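[1] this one's sequence-less:
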């Protein structure tokens, strides 16, 4: 029995509110239940120094939690003067995931930065970030295409992410904070619409799992991402 | 003629949405027109090292802009590894202002941190921050009083802040970004309900002003803060 | 009764010793009583990256206290690896103030840095810094004009600063450390010769003040700055 | 055909030289072909602040590459003043992996730090680090048990790690640098002797993979880790 | 022929103005010609954490140059966020030198910090710093002894420092900036009154030197330090 | 009697294993007894910004200790975010020493970085570093000359370093950790084959020494460096 009363393969409610802020070329507020992340896409007409002059673009991600997004206040990374290992891991994952569905040559020599700022956290902030970042990216690319700045769509597919885990011995989909903090295993899957895997990060915590366990988690992730793909499609209709 | 078509002594629409996030002891999303700031109050049952054992509490502020709160993306302070001078100035101002209406002895040996995170910027982010922080603080203190953790209300009055400036030669109230970026003088007033001044920060930019000019700006500020006091009162009713 | 026995509108002794160091293009040791600040002006034939190619110059300020300028030793900011919020606030104020009396186009594409290093502190270090920085700037600009590097004088007026405050209920001029540490309100005024205001930073500490109080402090500041203008004139005669 | 001429399921030569340095409680130089990592285990009789007084121990990892471990010299992280996201990701993985086979309660209130310093890099430095760290940990724990500081062995099993990937369309085991830099997908598996999975980190680079592909990589990893478990056993005999 | 016209064994004028600042327990402005360093001694009634509870004291040094102490402006270390290797080398040398003439047990569990801030630089700033720091230390210890905080004088002897070098083939005493910047070898000697050596730091620059050369520099240093000991004695008479 | 039983003028065993790592243009593992340092030389076809366009090259050094090179584990400088003053002092010394035997004009506009990483420490790590760095440099320069990238040999002589000290009243050669930690005086000499001195760093610790003492240490250093020159010659034969 899950604390939320959900079935093992049941997602929390997904909502995606596009245009949440007005300056960004693309933006949305994505919610997986009580987890809420503001995702924005910012287009800049230049690429990082190591990419200049190659005619290719770049897509990168940044991630942060507001200090009181969490149950107890965390200290502000800007005040501490450095980003935690966890933050860096997540923002590397966001960038890598979105680049997996982007043809950077078609983007032209420009950079799109996907900022994912967690306003409220209840488990699954990195997976909500990736899923929302795709929506912001799609909106920003649409705007570039409408303005004829880009000729051919660089986005090759939808991408979404979801966490699964083993909670009290059972594989479950879309862990919330209560589950996440006591799960035996925790796996984040980044999946591409059509059945391909972009990234798996599966960690045993306390317990371990075997090949069969890994497969069951992957199958749950496919169910979850299917629903996210639908929500993404509706949001950018 | 102001770019927004407002009268010289006309504020932008003020809205205060309380309880915007669920973990914080107090929270609101305050808007001055398109400027939107998420303010949270976090209570911790300990004070900074230099205050321990004195039986007195502490109220402090932190401030940040999301990278794409602005027209063009700014770099993330956590990534740069330090907070700008501007950020530090503003968070010192927030803390100082809220302490001006708090009896720290009545608060007891605990700290309340007011986090002001700008989701969208269109001028006046520091004044919206102070005004919203008061609402978050009021809610957090109410919760402490309801729980009998505090006996006597430590908050002595409402406090609010507003910017005024000289735009194309005329004193105007509540500058938006278009006005702020080309104003001849820019003044932030932090006022206490009942006619007292907590802080004045008035800077000539390009032009200068004299005693008469300063007084005219102060009188506009009194008009603006009067409206904010009303909105604060409604929000925490 | 003030601790120093001064009248309410009485400044401490002002002395300005020009040429205190030999390498700088302009330098002076300014004293407001026991507060002593070494101000130097350094000319560099290049401007910050964001100003290049515009034909305009830049004036900026830096500020520091020697570790034992104060009653008890403070730790060295270079050793801590960052400048405090207070330091950054003050150096931004110094730069802004001096730019208020400089026509940057007439300066040509060069930068003048005003370093204000407090050798001994007894209240009013930021106001002594601004007042002394003007002298160093005037000397450096004179040298550039004598060398025909600048055709038209970019300095439009004298500028000076002074602190005023409410001490034991009475407005007083030029707070020393004993007064500053227990004042009810503390205001720094940066004034331009001829009656214009460049900057007001007025903060209530403990008590607050009203419009009338603000005006009385401003009038004291006018008295004080008048005396500083005279001392500046004599120093650079 | 692999650049090294190895078969798809063929590991590079594994060597483990124990006691490579004399001060550490456990140490070895582990080689996976030309990849060589010095792993040391250091025992300290105290735990991090957040764990004190719980009677439980802690195991953590640190990782670094010497600047010229690589084909071209990289800059030294100590000189740059911060560790890269990649370094932090790897050292978090090392600690998490070793803790997966440690009963921290049996360790007692002490910390063991596993330092993995790459002397020469040719692909697979993180997997060699984890595999060697287990040897160093085993030696340090043996020493504690011989000295009767620990009664019951806290190490529950052997743990090892190996990378697999899809190279020119084929799943291959133990990527070297030439393969790693052009692989279509790269997966690191951390496996526990007996068939359990501790961690999977699988990333598509350029290409993606499906469920079947993931399983084929996992099966190669089982072959590789089997050989590492044998080498570990011989090394600590 | 030296640029200054001095004889090979001729020092620049030494002046020591005690009591230059009023807050420090000991202070002086020491000049070696145009090199001027403000040295202060600050007494704190606590020692660094690693020395607590041993009944012994500590003496340490800090060093900095004002940005425009030099011919061209250097950037401020506090602004850059770290102290240069050169600064750290010098402050370690200052502390080590003064401890060489201090019986730390007699000092009691307190720390004396010697701050050496270079107001104007013309070669020899580290040697002037050490020589002036001794005067400040002597004054601070005298004050502690007068107050009966210390029973037995912890200072065992005078200590002074001077630079010598090989300039255009000839050994010369007390290099100024013109000589220092083109010397073939540069040696700093820290000598104790009575003929003992506390520290030698001799570096070949361009040319090298042999045993005979080293001895000739040492003998010049003895001449120079003799004159500094006299000046120190007069200053603290 | 020395703890190791060595005679006063007896070195520890010196071994130099060249080609310890394969990527660097030159590399060796040098041992002075139990002190073992991995020295690599890396050639880069560019010089630091301040040297560009002058046709001259640059030689620089970096130094680090692995965290558990020492008896008890030290924290990692990369994790602390800055290099200690000791580390910076040593790496400045390494670079300066090697440049003393290099004609930078003959090197051409390229930089050689000498990385000295201490794998195991037992006293004398900086002197082993300098002595080993010369071997790595010699190998790298040989490779450049064989490739005709350099016409004339820029290396003018061998250079080596050794520590001497006064242990229990007697001058001794090549201090190990046991001696170093209780020596009365500690001196590092960097000598050039043929009798010239490149650098002397002699520090009294506890005791002091006079001119005669300094000479006796220098003569021991000549004996030690003679043996290192022989070992260097054999290593690069």
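    Good, I have the coordinates. Computed from a predicted model, the values in this text were never measured in an experiment.

[2] per-residue confidence averaged over the longest helix anywhere in chain A?
    Assignment by DSSP state H gives helix A:211-235 as the longest helix of chain A. In this model, helix A:211-235 has a mean pLDDT of 96.

[3] next, the angle from that helix to helix D:211-236.
    Angle, helix A:211-235 to helix D:211-236, by axes from the mean of the first three to the mean of the last three Cα atoms, to 10 degrees: 140 degrees.

[4] tell me how many other residues crowd the closest residue to chain C within chain A.
    Nearest to chain C in chain A, going by Cβ to the nearest Cβ, is residue A:81, at a distance of 7.5 Å. Using the backbone N, CA and C atoms, a C-beta is placed for each residue, glycine as well. Using other Cβ atoms under 10 Å in any protein chain shown, the number of residues around residue A:81 comes to 17.

[5] which ones are touching the nearest residue to it once chain neighbours are set aside?
    Excluding the flanking residues, the one nearest residue A:81 by Cβ to Cβ, 6 or more residues apart in numbering or on different chains is residue B:81, at 5.0 Å. Residues in contact with residue B:81, defined by Cβ atoms under 8 Å, 6 or more residues apart in numbering or on different chains, are A:81-82, D:82.

[6] residue B:81 and residue E:79, how far apart?
    According to Cβ to Cβ, to the nearest Å, residue B:81 and residue E:79 sit 14 Å apart.

[7] now do the residue nearest to residue A:81 against residue D:64, distance only.
    In terms of Cβ to Cβ, residue B:81 sits 20 Å off from residue D:64.

[8] can you tell me the helix or strand for the closest residue to residue A:222 other than its chain neighbours?
    In this structure, residue A:222 finds its nearest non-sequential neighbour in residue A:191, 6.6 Å apart by Cβ to Cβ, 6+ apart. Counting by DSSP states H and E, the element that carries residue A:191 is strand A:185-192.

[9] same thing with residue A:86?
    Using DSSP H and E, residue A:86 maps to helix A:85-99.

[10] can you confirm whether that helix lies near chain F?
    No: using Cβ under 8 Å from any Cβ of the partner chain, helix A:85-99 stays clear of chain F, with a minimum separation of 10.8 Å.

[11] interface residues of chain A facing chain D?
    When proximity is defined by Cβ under 8 Å from any Cβ, chain A lies next to chain D at A:82, A:85-86, A:88-89, A:91-92, A:96, A:100, A:187, A:192, A:195-204, A:208-211, A:213-215, A:218.

[12] swap the cut-off to 7 Å and go again
    When proximity is defined by Cβ under 7 Å from any Cβ of the partner chain, chain A lies next to chain D at A:82, A:85, A:88-89, A:92, A:96, A:100, A:192, A:195-204, A:208-211, A:214, A:218.

[13] can you give me the neighbour number for the closest residue to residue A:154 other than its chain neighbours?
    Distances taken as Cβ to Cβ, 6+ apart place residue A:106 nearest to residue A:154, at 3.8 Å, with adjacent residues excluded. A count of nearby residues for residue A:106, using other Cβ under 10 Å, gives 16.

[14] the nearest residue to residue A:108 once chain neighbours are set aside: how many residues sit nearby?
    Once flanking residues are discounted, residue A:108 sits nearest to residue A:57: 5.6 Å by Cβ to Cβ, 6+ apart. Counted with other Cβ under 10 Å, the neighbours of residue A:57 add up to 22.

[15] so what does the one helix or strand residue A:16 maps to touch, helix or strand wise?
    For residue A:16, the host element (DSSP H and E) is strand A:14-18. Packing contacts for strand A:14-18, counted by 3 or more Cβ pairs under 7 Å, 6 or more residues apart in numbering or on different chains; DSSP states H and E, involve strand A:26-32, helix A:125-146, helix A:211-235.

[16] which residues does the residue nearest the centre of chain A contact?
    By Cα atoms, centre = their mean, the mean C-alpha position of chain A lies nearest to residue A:130, the distance being 1.3 Å. Going by Cβ atoms under 7 Å, 6 or more residues apart in numbering or on different chains, residue A:130 touches A:94, A:97, A:159-161, A:190.

[17] same thing but 6 Å
    By Cβ atoms under 6 Å, 6 or more residues apart in numbering or on different chains, the contact list for residue A:130 reads A:94, A:97, A:161.

[18] likewise residue A:112?
    Contact analysis of residue A:112 by Cβ under 6 Å, 6+ apart lists A:41, A:43, A:59, A:140.

[19] hmm, try it at 7 Å
    Neighbouring residues of residue A:112 by Cβ under 7 Å, 6+ apart: A:41-43, A:59, A:137, A:140.

[20] okay, how far is it across stretch A:170-179, tip to tip?
    Taking Cα to Cα, to the nearest Å, the first and last residues of stretch A:170-179 lie 11 Å apart.

[21] before we move on, the earlier item: tell me which element the residue nearest to residue A:154 falls in.
    helix A:104-107.

[22] quick check: mean pLDDT across that helix?
    96.

[23] tell me the SS of the residue sitting furthest away from the middle of chain A?
    Here chain A reaches farthest from its C-alpha mean at residue A:53, the gap being 29.7 Å by Cα atoms, centre = their mean. Following DSSP: H, G, I helix; E, B strand; the rest coil, residue A:53 is assigned to coil.

[24] ok, the residue nearest to residue A:222 touching residue A:225?
    Yes: between residue A:191 and residue A:225 there is a contact under Cβ atoms under 7 Å: 4.3 Å.

[25] about what we covered before: which helices and strands does the longest helix of chain A pack with?
    Secondary-structure packing of helix A:211-235 (3+ Cβ pairs under 7 Å, 6+ apart): strand A:14-18, helix A:125-146, strand A:159-167, strand A:170-173, strand A:185-192.

[26] could you export those to JSON lines, including columns for mean pLDDT?
    Formatted as JSON lines, the helices and strands packed on helix A:211-235 follow (pLDDT from 0 to 100):
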{"stretch": "strand A:14-18", "mean pLDDT": "98"}
{"stretch": "helix A:125-146", "mean pLDDT": "98"}
{"stretch": "strand A:159-167", "mean pLDDT": "96"}
{"stretch": "strand A:170-173", "mean pLDDT": "95"}
{"stretch": "strand A:185-192", "mean pLDDT": "94"}
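
[27] could you dump these into a markdown table with distance to residue E:169 added?
    Shown next, in a markdown table, are the helices and strands packed on helix A:211-235 (distance: least, Cβ to Cβ, whole Å):
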| stretch | distance to residue E:169 |
| --- | --- |
| strand A:14-18 | 79 |
| helix A:125-146 | 69 |
| strand A:159-167 | 73 |
| strand A:170-173 | 83 |
| strand A:185-192 | 71 |
